[in-house]
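>>> Here you go, sequence then predicted model.
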Amino acid sequence: MNHTVYLKLNQITELTHKEVVLKDVAEVYCDDTNILNKCNA
């Protein structure tokens, strides 16, 4: 079964910490909450 994950990337992002996760630089959307939680982790 295929699931689609949508990313909305921010144009300007400045981070001051070393560990960067996907949700720090983009908005993540998916119908499957399990996949969404894995993307945000």
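Ah, there it is.

>>> Contacts for the helix or strand hosting residue 38, please.
For residue 38, the element it lies in under DSSP states H and E is helix 33-40. Here helix 33-40 makes contact (Cβ atoms under 8 Å, 6 or more residues apart in numbering) with 3, 5, 21-23, 28-30. Using the backbone N, CA and C atoms, a C-beta is placed for each residue, glycine as well.

>>> Now, of the residues you listed, which are buried?
28, 30 (16 or more other Cβ atoms under 10 Å).

>>> Just the ones in helices from the contacts of helix 33-40, please.
22-23 (DSSP state H).

>>> okay, the contacts of helix 33-40 in CSV with distance to residue 13 next?
Converted to CSV, these look like this (distance: Cβ to Cβ, whole Å):
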residue, distance to residue 13
3, 25
5, 19
21, 12
22, 12
23, 11
28, 14
29, 18
30, 21
